[in-house]
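A.B. asks: the sequence and its predicted three-dimensional model are supplied below.
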Amino acid sequence: MSVNGRSETASGFAVRIDGEPVTVRCAREFPWVRCGVTAGLLHQAHYVLTSARGELDVEVDVPFPWREARVRPLRHGIVLERTERGIRFRLPAPAKVSVEFDGDLTNPLLILVNPPQVAPPPPEGPGVRIFRAGGEYDAGEIRLGAGETLYIEDGALVRGWVVAERAHGARIVGRGILDAGHLDHNGPHRPQMIRIVESDGVTVEGVTLVNGPSWH
């Protein structure tokens, strides 16, 4: 079994898959004001995004007291084991599940496990921009032209957004994360995460979009 990730905690959660620590990140609903109305209850979700094969043993260190935990969707029939530091359970195969404590839906822990990507990354060269696994990149606006490729490897986090204008045949692919949580979500500049304009045959596959300030 192989896992891509690195050890890091967010708000105290720590997650290990088959004994290997993986990164815990946070996606949150930002305070916003629209037409004079301010957002009320805000939500957040801590999440793990990784790739693996076969059955998986998942361990979670929980940083707060709790009485009951549940893994959804319930159709998986996952049985939790309480440990000294939190919980342990097995996934029969890569899956996307939500771990919820005491019925609180405002702060779940999402375990998002994909099968390893089969297609290899494109070769480096003109018209190909690759963000490598294990790095965090402050890219800002990424503009793609016709036939160009943006490849975000599994385990890479890119802070930015993509504009493909008159970019026929452009590709936005990979298993990494495109995150816009660093932007002002109430300011005048709230770009769409992926903006495709006057373009045909554009491929968007595999990437995860987080904390978008506007339409994805």
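C.D. replies: Yep, that arrived. Predicted model only: the values in this text are computed from it and were never measured.
A.B. asks: where does the prediction get shaky in the chain?
C.D. replies: For the chain, the stretches flagged by pLDDT under 70 are 1-11, 29-43, 216.
A.B. asks: again, only this time at 50
C.D. replies: 1-10 (pLDDT under 50).
A.B. asks: residue 162 contacts residue 191, correct?
C.D. replies: No. Using C-beta atoms under 8 Å, residue 162 makes no contact with residue 191, being 9.1 Å away. Every C-beta, even on glycine, is put in place using the N, C-alpha and C of the backbone.
A.B. asks: would you confirm that residue 191 contacts residue 161?
C.D. replies: Yes. With contact defined as C-beta under 8 Å, residue 191 counts as touching residue 161 (4.6 Å).
A.B. asks: of these two, which one has the most company?
C.D. replies: Using other C-beta atoms under 10 Å, the more surrounded residue of residue 191 and residue 161 is residue 161, with 24 against 18.
A.B. asks: tell me the phi and psi of that one?
C.D. replies: Dihedral pair for residue 161: phi -150, psi 170, per degrees, to the nearest 10.
A.B. asks: next: residue 14.
C.D. replies: Here residue 14 shows phi and psi, under degrees, to the nearest 10, equal to phi -140, psi 140.
A.B. asks: could you tell me how many residues sit around it?
C.D. replies: For residue 14, using other C-beta under 10 Å, the count is 18.
A.B. asks: give me the helices and strands touching the host helix or strand of residue 58, please.
C.D. replies: Per DSSP states H and E, residue 58 falls inside strand 56-61. Applying 3 or more C-beta pairs under 8 Å, 6 or more residues apart in numbering; DSSP states H and E, one finds that strand 56-61 contacts strand 14-17, strand 86-91, strand 109-114.
A.B. asks: give me the common contacts of residue 191 and residue 161.
C.D. replies: Shared contacts of residue 191 and residue 161 (C-beta atoms under 8 Å, 6 or more residues apart in numbering): 141, 180.
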